[in-house]
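>>> Build the 3D model from these lines:
(one chain, ligands or ions: 3)
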Amino acid sequence: MIVLRRFVVVLLAGFLLLPEAHAWGPDGHRIVAEIAQRHLDPAAEAQVARLLAGHADRLAEVANWADDIQDDPAQQALWKATRSLHYINFRGPDCAYQPPRDCRDGRCVVAGLAHYVAVLGDPGQSVEARREALEFVVHFVGDVHQPLHAGYRPDKGGNTYQVRFQGRGSNLHRVWDSGMLRTRGLDWQDYARWLDAGGPAGLPPVADAPFATWAEESCRLSRDVYPPGHGIDAPYVEAELPLAERRLREAGRRLAALLNRTLG
Ligand code: ADE
Ligand code: ZN
Ligand code: ZN
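Ligands and ions are numbered 1, 2, ... in the order given. Next up is the predicted model:
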């Protein structure tokens, strides 16, 4: 009985606290990481293997760690310190990054990326610190490419924008994190292979675009993803899913280039 009651309490708490999503869903992050893994050069690949040794074989296995720590009682301090680094809310529809306005006290994904890339590339740091930095970088490069992780409306990246999707209530953020991707019916390995098989066709040159540029791109894209009438129907998915998939491919390619530069 007590066990049952505890179960009910946990279940209720789960519904009441339904967290704002903080990421592409797990599969989105795995797909980004897997595409990146396939484009590492040998030096960076060896460094990644060294940093992950004893923890994981591939980047995809650690791509969701930055979200998973929210459920680990031992990691609550780290979660609280990093939860605002998964997104940025631009303060104006111009989508032009102004740090004092859009990233006060470095509490945004652009600053989070800059910080953890610096730790990752610093050979003076411990292996543990650099592994943790790698895990954050893999995750945050994914997040910053999700248009609603860098929007400008006062709706928490679409988390409070209710929509109807597949006959149920949902919110726009969640549909972009995971709902639309699921409509492909692919597991993440096949999804990554399929997206990567397209090669770089249609993607901008990787260059070394700073993180703010990636966020500004997402912000501009986010302006056009709000469905009129709050309804997400098949034509919406047909129009927007290719955009979500292009962002996954860009994120994967850019993550690889970033790791090749930082660890090569
Ligand atoms: N919480 C507040 N704003 C958010 C955003 N843009 N993305 C994810 N979670 C958020
Ligand atoms: Zn996240
Ligand atoms: Zn999210």
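>>> what kind of secondary structure is Gly54 in?
coil (DSSP: H, G, I helix; E, B strand; the rest coil).
>>> Could you list the low-confidence segments of this structure?
Along the chain, the model assigns pLDDT under 70 to residues 1-22, 207-209.
>>> for it, what spans make up the strands?
162-165, 168-171, 231-232 (DSSP state E).
>>> possible to save the ones you listed as TSV with distance to ligand 1?
All C-beta spots, glycine's among them, are computed from the backbone N, C-alpha and C. Formatted as TSV, the strands of the chain follow (distance: least, CB to the nearest ligand atom, whole Å):
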stretch	distance to ligand 1
strand 162-165	15
strand 168-171	11
strand 231-232	18
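>>> Deepest in the core, which of these is it.
Mean neighbour count (mean count of other CB atoms under 10 Å) peaks for strand 162-165 among the strands of the chain, with a mean of 18.
>>> Restricting to C-alpha, output stretch 168-186 in PDB.
The C-alpha coordinates for stretch 168-186 follow below in PDB (Å, rounded to 0.1, in the frame of the first residue of the first chain):
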ATOM      1  CA  ARG A 168      -3.700  15.600 -28.600                       C
ATOM      2  CA  GLY A 169      -2.700  18.700 -26.700                       C
ATOM      3  CA  SER A 170       1.000  19.500 -26.800                       C
ATOM      4  CA  ASN A 171       3.200  22.500 -27.000                       C
ATOM      5  CA  LEU A 172       5.200  23.800 -29.900                       C
ATOM      6  CA  HIS A 173       8.600  23.300 -28.200                       C
ATOM      7  CA  ARG A 174       7.900  19.700 -27.600                       C
ATOM      8  CA  VAL A 175       6.700  19.100 -31.100                       C
ATOM      9  CA  TRP A 176      10.000  20.500 -32.400                       C
ATOM     10  CA  ASP A 177      12.200  18.700 -29.800                       C
ATOM     11  CA  SER A 178      10.800  15.300 -30.600                       C
ATOM     12  CA  GLY A 179       7.200  15.000 -31.900                       C
ATOM     13  CA  MET A 180       8.000  15.800 -35.600                       C
ATOM     14  CA  LEU A 181      11.100  13.700 -35.700                       C
ATOM     15  CA  ARG A 182       9.200  10.700 -34.400                       C
ATOM     16  CA  THR A 183       6.800  10.900 -37.400                       C
ATOM     17  CA  ARG A 184       9.600   9.500 -39.600                       C
ATOM     18  CA  GLY A 185       9.400   6.200 -37.700                       C
ATOM     19  CA  LEU A 186      13.200   5.700 -37.800                       C
END
